[in-house]
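Asks: Structure of the sequence below:
(chains A and B)
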Amino acid sequence: MKKLSVKHIEEKVMKILMVFCSLLVLAFVVSIVWTIVVKGIKSFSWEMITQVPGKDWNTADDGGFLNAILGSLLVVVPAMLLATAISIPIVFYMNLYLRRSHPLSYAVRLAFDVLYGIPSIVYGAFAFTVMVLVGMRASLMGGIAVTTLLMIPMLIRSGDEISKSVPDEMVDAAYSLGATKWETLWVITRQVLPGMITAVLLAVGKAIGDAAAVMFTAGFSDAVPDSLSDPTATLPLAIFNWIIMPEPFPDRCYSAALVLTLIVLILSLSGRWLGARFTKHNV
Amino acid sequence: MTTNDSMTVKDLSLSIEGQPILKNINLTFPKNQITCIIGPSGCGKSTLLKCLNRLTDNMDDVTTQGGVYVGEHNMLTAREAELIELRRRIGLIPQRPCPLPMSIYDNVAYGCRIHGLHPKKKDLNETVEKYLTAVGLWDEVKDRLNKSASRLSIGQQQRLCLARSLAVEPDFILADEATSALDPISSKTVEELFVKLKKDYTIIMVTHTLPQAQRIADHVAFIYLGEVIETGSAQKLFSKPSNELTQKYLTGTFS
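Replies: Coordinates of the predicted model:
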């Protein structure tokens, strides 16, 4: 009987610990969102998200930061498409065409694990050095390139994990019907799609909020870029710049943070919805 | 479409990471009969079956010697295009059914689509109905063809896998302990299906339930530690096994 009660206490303690940790995380999220929403709404106005900075922007409410909103989207959306287009073939090559244990597959995996661990400021500095070398200026193109590089290791790493969840029997089933590797790949794609969408969105969430990567490469500008070679503002860099400046800039920071959070939220929700639509038949 | 090719295994040896798993296997699978491969767990039955349609490609560090012949073609040395065609002619019923991530209809239609069989919608519909009927699933699923295949019961999924294999018009059916994950009623249904199907197909099944082999086998191969110990007609092998090991296995001295 005594032994049983020790077990009972163990069980209780562990449960309390788990609940406590979960609540702690939840508290972090709620307090961050709360701060952003409360402070952001105070200075938020329709002009903020529909206009670029006016000529009195530095002292009064003249214009908004549409340049940073569009800039962030212009950097991240092409980067997302490029990174996905590059990563998915690599993931499939490592997992389906090569055996998982193949030396090349192993080497590639290791390389991307190393890249994954490199901080974004280093990507930014590296890209900046290359750009100086070839005589390129901070521009939308530079921002897209470095953000793509930043996303690729994230996508490959999660894609690799997701591929492991495909049952071997499914691959065998497709092969035994006489499917080629390419046809088998399409079957597998249906199975891994929801996971891949989540992975892409997580990577987008990280990339769109990253100031360090675009700091040297995309530059900053009060205008919406006209071409790939124009510099562009981005939301995280706007926040970074404004938080140390005098009023009215710090308040605008929170508005920008609010917009950034909303963008990530909308992206995640729509991605989940899409994923659920296309994969209702998943095993 | 059924051709007169038969399947034979000649001098097949296989090792995984240098460890010999199959040693010098020679077998002939008689046409339109059920051949049961029996033997204790870990003797190499399932690996042998994987060789027959070369799913060994999906395993790590496998080396094979010898051949698996379908007519003139050696499965093990076939080039990609030839391999695809050979695999189409060999259906596989796995141990655990694995529906493709598609609707019930598409699971059966998938094979036809990739091989360009029945390009007309109407023909394809008929084909799907024909094979779902053949496995006794049509009445159960005809109202929910567009629903997910993974929502079917395990027994239904296994019959769906069979229908999916039959739809690409194979000559051979491989079954790897195809009833071991099923409840007794479903497994009886599947067994009866195999008996019914043997008039059109050559069936090769791995089983470790002796009573099952005794019920449905026409021809039996007994494998022990990667070697064929005895092979022959079911009647002879079960009543008068010529090898001592076979005798011991059949009487349950080891398993």
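
Asks: Phi, psi for the closest residue to B:Lys199 other than its chain neighbours please.
Replies: Closest residue to B:Lys199 apart from its sequence neighbours, by Cβ to Cβ, 6 or more residues apart in numbering or on different chains: B:Asn32 at 6.1 Å. Just so you know, the C-beta spots here come from the backbone N, C-alpha and C atoms, and that holds for glycine as well. According to degrees, to the nearest 10, the main-chain angles of B:Asn32 amount to phi 50, psi 40.

Asks: wait, what's in contact with B:Asn32?
Replies: B:Lys198, B:Lys199, B:Asp200, B:Tyr201, B:Thr202 (Cβ atoms under 8 Å, 6 or more residues apart in numbering or on different chains).

Asks: how near is the closest residue to chain B within the stretch 151-283 of chain A to B:Ile16?
Replies: With Cβ to the nearest Cβ as the measure, A:Gly178 is the residue of the stretch 151-283 of chain A nearest to chain B, at 3.1 Å. A:Gly178 is 25 Å from B:Ile16, where distance means Cβ to Cβ, to the nearest Å.

Asks: Looking at the two, which is more packed in?
Replies: A:Gly178 (22 against 15; other Cβ atoms under 10 Å in any protein chain shown).

Asks: quick check, the more buried one in a helix?
Replies: No. Per DSSP: H, G, I helix; E, B strand; the rest coil, A:Gly178 lies outside any helix segment and is coil.

Asks: Check A:Lys3 and give its pLDDT.
Replies: The model reports A:Lys3 with a pLDDT of 65.

Asks: low-scoring pLDDT stretches of chain A, where are they?
Replies: Along chain A, the model assigns pLDDT under 70 to residues A:1-3, A:279-281, A:283.

Asks: make it 80
Replies: Across chain A, the ranges flagged by pLDDT under 80 are A:1-4, A:43, A:54-63, A:99-101, A:247-248, A:271-272, A:274-283.

Asks: Which parts of the chain are helices?
Replies: You didn't pick a chain, so chain A it is. A:2-43, A:46-50, A:66-92, A:103-117, A:120-133, A:140-164, A:168-176, A:181-208, A:212-215, A:235-242, A:249-278 (DSSP state H).

Asks: Actually, chain B is the one I wanted.
Replies: Going by DSSP H, chain B shows helices at B:45-52, B:80-88, B:104-114, B:121-134, B:138-141, B:154-166, B:184-197, B:210-216, B:234-239, B:244-251.

Asks: Please name whichever of the ones you listed is nearest to A:Val6.
Replies: Counting by Cβ to Cβ, A:Val6 lies closest to helix B:154-166 out of those; the figure is 40.8 Å.

Asks: how many other residues sit next to the residue of the stretch 151-255 of chain B found nearest chain A?
Replies: At 5.7 Å from chain A, B:Val168 is the closest residue in the stretch 151-255 of chain B, using Cβ to the nearest Cβ. Counted with other Cβ under 10 Å, residues neighbouring B:Val168 total 26.

Asks: residue contacts, it?
Replies: Contacts of B:Val168 (Cβ under 8 Å, 6+ apart): A:Leu177, A:Gly178, B:Arg88, B:Gly91, B:Gly111, B:Cys112, B:His115, B:Leu117.

Asks: could you redo the last one with a cut-off of 10 Å?
Replies: B:Val168 makes contact with A:176-179, B:1, B:87-91, B:108, B:110-115, B:117, B:127, B:131, according to Cβ atoms under 10 Å, 6 or more residues apart in numbering or on different chains.

Asks: hmm, back to that, and the helices of chain A, which is most packed in?
Replies: Using mean count of other Cβ atoms under 10 Å in any protein chain shown, the stretch among the helices of chain A with the greatest mean number of neighbours is helix A:212-215 (a mean of 27).

Asks: Tell me which residues are up against that one.
Replies: A:71-72, A:75-76, A:79, A:119-128, A:138, A:140, A:142-147, A:149-151, A:206-208, A:220, A:232-237, A:240-241.

Asks: Would you list the phi and psi of A:Gly135?
Replies: phi 70, psi 30.

Asks: so which of the helices of chain B comes closest to A:Met94?
Replies: Closest approach to A:Met94 among the helices of chain B is made by helix B:80-88 (19.8 Å; Cβ to Cβ).

Asks: And the closest one, how far out from the chain middle?
Replies: 16 Å (Cα atoms, centre = their mean, to the nearest Å).

Asks: and the angle from it to helix A:181-208?
Replies: For helix B:80-88 against helix A:181-208, the angle by axes from the mean of the first three to the mean of the last three Cα atoms, to 10 degrees is 100 degrees.

Asks: ok, is helix B:80-88 in contact with chain A or not?
Replies: Yes. Shown here: helix B:80-88 in contact with chain A (Cβ under 10 Å from any Cβ of the partner chain) through B:Glu80, B:Ala81, B:Leu83, B:Ile84, B:Glu85, B:Leu86, B:Arg87, B:Arg88.

Asks: Make a ChimeraX selection of the buried ones in the residues you listed.
Replies: Those of the residues of helix B:80-88 next to chain A that count as buried under 16 or more other Cβ atoms under 10 Å in any protein chain shown are selected in ChimeraX with:
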select /B:83,84,86,87,88
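
Asks: Out of the residues of helix B:80-88 next to chain A, the closest to chain A would be?
Replies: B:Arg88 (3.1 Å).

Asks: contacting residues for the closest one?
Replies: By Cβ under 10 Å, 6+ apart, the contact set of B:Arg88 is A:176-179, B:53, B:111, B:114-115, B:117, B:165, B:168-171.

Asks: Just put those in a markdown table and tack on distance to B:Ser41.
Replies: Formatted as a markdown table, those follow (distance: Cβ to Cβ, whole Å):
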| residue | distance to B:Ser41 |
| --- | --- |
| A:Ser176 | 23 |
| A:Leu177 | 28 |
| A:Gly178 | 30 |
| A:Ala179 | 30 |
| B:Asn53 | 22 |
| B:Gly111 | 31 |
| B:Ile114 | 35 |
| B:His115 | 36 |
| B:Leu117 | 38 |
| B:Ser165 | 25 |
| B:Val168 | 31 |
| B:Glu169 | 34 |
| B:Pro170 | 28 |
| B:Asp171 | 29 |
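
Asks: With respect to A:Gln191, which of those residues is nearest?
Replies: Using Cβ to Cβ, those come closest to A:Gln191 at A:Ala179, 13.8 Å.

Asks: Give me every residue in the stretch 101-250 of chain B lying close to chain A.
Replies: Counting by Cβ under 10 Å from any Cβ, the stretch 101-250 of chain B sits next to chain A at B:101-104, B:106-107, B:110-115, B:146-151, B:157, B:161, B:164-165, B:167-168, B:170, B:174, B:176.

Asks: how deep is the residue nearest to B:Tyr110 when sequence neighbours are not counted tucked in, by neighbour count?
Replies: Distance criterion Cβ to Cβ, 6+ apart; nearest residue to B:Tyr110, sequence neighbours excluded, is B:Leu100 at 6.0 Å. By the measure other Cβ under 10 Å, the count of residues near B:Leu100 is 26.

Asks: if you average pLDDT over stretch B:225-241, what comes out?
Replies: On average, stretch B:225-241 scores 89.

Asks: Now do it: distance to the chain's middle.
Replies: With Cα atoms, centre = their mean, you get 19 Å for stretch B:225-241.

Asks: Could you list the contact residues of the stretch 101-250 of chain A toward chain B?
Replies: So the stretch 101-250 of chain A meets chain B at A:101-102, A:166-184, A:186-193 (Cβ under 10 Å from any Cβ).

Asks: 8 Å instead?
Replies: Listed as neighbours of chain B in the stretch 101-250 of chain A under the rule Cβ under 8 Å from any Cβ of the partner chain: A:101, A:167-180, A:183, A:187, A:190-191.

Asks: And B:Pro30, how close does it get to chain A?
Replies: Applying Cβ to the nearest Cβ, to the nearest Å, the value for B:Pro30 to chain A is 22 Å.

Asks: pretty sure that residue is touching B:Asp218, no?
Replies: Yes. In terms of Cβ atoms under 8 Å, B:Pro30 counts as a neighbour of B:Asp218; the distance is 7.1 Å.

Asks: Look at those two and report which has more neighbours.
Replies: B:Asp218 (16 against 13).
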